[in-house]
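A.B. asks: heads up, no residue letters with this:
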């Protein structure tokens, strides 16, 4: 009897220790590594209080980002339209889904998302956080064409995922909310800040005379006049993350922000994309209509179109554009290419 009593006490003690270990476990914090060019020019990134960055959460999010289980027929992952080799976009004007159907929008590249202070994502701003943005493609019938209940069931029955969710979120019960939280944690780590111009701004590189003149064209209100929407050397994001009608069309088949807000004054407005990594993110614009940087520059030079909602910043729309000289166009392109960051494409932390 005495031996049985000791045995029972031992079992209770072991159970209590196991319970304590579960209760005191916390995922390992993993603050974002903020580049110097950001820390000295812009305010800190947006990290939700209910989804702090952790080592385990980022690792889980990365696995999910590249996992084709999230699509209906398991042939497409988030990375299918947001490839690391293309600065997390793809090479087609608009993206194709699992059924071979093309959508109406170009895949936006993914980087520096944590510094989107307005927290409006996608070309039309319909998603109000990275977490919410990650919900939509899975259930979109043109994109991954799945159902979240099916995805959750597949993940729950997987031999690895329940434990990975436990490590990241302290529960083995998988939900779509926790799944998108993990993906968002990984996407916030996609930071690009090592372009030639970044190094120039830090005194670590020099620009050629052509690149310097291109910067002047970019900043000159009588020439390129690009900085109002795309920032300047004091804004290393190279976007204002605001929505503009930049004179692409005189009438609209895609209402952009207007389709989200219902306000006709927003028709034809789309988010200003970052000018970072232009060397890798062709084609350009929300519908991928321009195949080259030269075509984009030519559009702003001679192709602007008037409409009722065209942005007042398009000051020369009635003249068709800013009418740059051939030399200024070449110089502007040379400058824009200094904003590309080849190390971003090969960062091992971002590869499958």
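C.D. replies: Thanks, I have the structure now. The model shown is predicted, which means the values in this text are computed figures rather than measured ones. Residues are numbered from 1 along each chain as shown.
A.B. asks: Please count neighbours and contacts with C-alpha atoms only from this point.
C.D. replies: OK.
A.B. asks: Just the buried positions in stretch 240-258, please.
C.D. replies: Going by neighbour count (16 or more other Cα atoms under 10 Å), the buried part of stretch 240-258 is 240-248, 254-258.
A.B. asks: And for stretch 257-275?
C.D. replies: Buried residues in stretch 257-275, counted by 16+ other Cα under 10 Å: 257-259, 266-275.
A.B. asks: returning to that earlier point: which of the buried residues of stretch 240-258 sit farthest apart?
C.D. replies: 240 and 254 (21.6 Å; Cα to Cα).
A.B. asks: mind listing which of the buried residues of stretch 240-258 are in strands?
C.D. replies: 243-244 (DSSP state E).
A.B. asks: where do the strands sit along the stretch 201-350 of the chain?
C.D. replies: Shown for the stretch 201-350 of the chain, the strands assigned by DSSP state E, counting those that start in this stretch span residues 243-244, 270-271.
A.B. asks: on that earlier part again, counting only helices, which of the buried residues of stretch 240-258 make the cut?
C.D. replies: Mapping the buried residues of stretch 240-258 onto helices (DSSP state H) picks out 257-258.
A.B. asks: ok so, going back, among the buried residues of stretch 257-275, which one lies nearest to residue 93?
C.D. replies: When those are compared against residue 93 (criterion: Cα to Cα), the nearest one is residue 273, at 15.0 Å.
A.B. asks: re the thing from before, so can I have JSON lines of the buried residues of stretch 240-258 showing pLDDT?
C.D. replies: Converted to JSON lines, the buried residues of stretch 240-258 look like this (pLDDT from 0 to 100):
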{"residue": "240", "pLDDT": "96"}
{"residue": "241", "pLDDT": "97"}
{"residue": "242", "pLDDT": "97"}
{"residue": "243", "pLDDT": "98"}
{"residue": "244", "pLDDT": "98"}
{"residue": "245", "pLDDT": "98"}
{"residue": "246", "pLDDT": "97"}
{"residue": "247", "pLDDT": "97"}
{"residue": "248", "pLDDT": "97"}
{"residue": "254", "pLDDT": "97"}
{"residue": "255", "pLDDT": "98"}
{"residue": "256", "pLDDT": "97"}
{"residue": "257", "pLDDT": "98"}
{"residue": "258", "pLDDT": "98"}
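A.B. asks: Could you export the buried residues of stretch 240-258 as TSV, including distance to residue 124?
C.D. replies: What follows is those, written out as TSV (distance: Cα to Cα, whole Å):
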residue	distance to residue 124
240	14
241	11
242	10
243	8
244	10
245	11
246	14
247	16
248	15
254	10
255	8
256	5
257	4
258	8
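A.B. asks: hang on, the earlier thing: which among the strands of the stretch 201-350 of the chain is found nearest to residue 109?
C.D. replies: strand 270-271 (12.3 Å).
A.B. asks: gap between that closest one and the chain center?
C.D. replies: Relative to its parent chain, strand 270-271 has a centroid offset of 14 Å by Cα atoms, centre = their mean, to the nearest Å.
A.B. asks: For that strand, report the contacting residues that lie outside it.
C.D. replies: Strand 270-271 is contacted from outside by 122-125, 241-245, 256-257, 286, using Cα atoms under 8 Å, 6 or more residues apart in numbering.
A.B. asks: what's the farthest-apart pair in those?
C.D. replies: Longest span within those, Cα to Cα: 122 and 245, 15.2 Å.
A.B. asks: residues making contact with stretch 336-344?
C.D. replies: Stretch 336-344 has contacts (Cα under 8 Å, 6+ apart) with 87, 191-198, 211, 214, 275-280.
A.B. asks: Show me the residue sitting in the middle of the chain in space.
C.D. replies: Residue closest to the average C-alpha location in the chain (Cα atoms, centre = their mean): residue 110, at 2.6 Å.
A.B. asks: Please list all residues in contact with it.
C.D. replies: 82, 87-89, 187, 190.
A.B. asks: redo that, cut-off 6 Å
C.D. replies: By Cα atoms under 6 Å, 6 or more residues apart in numbering, the contact set of residue 110 is residue 88.
A.B. asks: Quick check, pLDDT for it.
C.D. replies: As predicted, residue 110 sits at a pLDDT of 98.
A.B. asks: nearest spatial neighbour of residue 99, skipping sequence neighbours?
C.D. replies: residue 142 (7.3 Å; Cα to Cα, 6 or more residues apart in numbering).
A.B. asks: and if you look at residue 59?
C.D. replies: Closest to residue 59 by Cα to Cα, 6+ apart is residue 186, at 7.2 Å.
A.B. asks: Touching the strand or helix carrying that neighbour from outside, list them.
C.D. replies: According to DSSP states H and E, residue 186 maps onto helix 176-188. Residues from elsewhere that reach helix 176-188 (Cα under 6 Å, 6+ apart): 53, 57-58, 61-62, 113-114, 130-131, 134.
A.B. asks: Just the buried residues from those residues, in PyMOL please.
C.D. replies: Buried residues within the contacts of helix 176-188, by 16+ other Cα under 10 Å, are selected in PyMOL with:
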select buried, resi 53+57+58+61+62+113+114+130+131+134
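A.B. asks: Any idea how many residues pack against residue 29?
C.D. replies: When counting by other Cα atoms under 10 Å, one arrives at 12 neighbours for residue 29.
A.B. asks: so what's residue 163 closest to, chain neighbours aside?
C.D. replies: The shortest distance from residue 163 to any non-neighbouring residue, by Cα to Cα, 6+ apart, is to residue 172 (6.2 Å).
A.B. asks: if I look at the residue nearest to the centre of the chain, how far off is residue 95?
C.D. replies: To residue 95, residue 110 is 15 Å away according to Cα to Cα, to the nearest Å.
A.B. asks: same thing with residue 285?
C.D. replies: For residue 285, the distance to residue 95 equals 13 Å [Cα to Cα].
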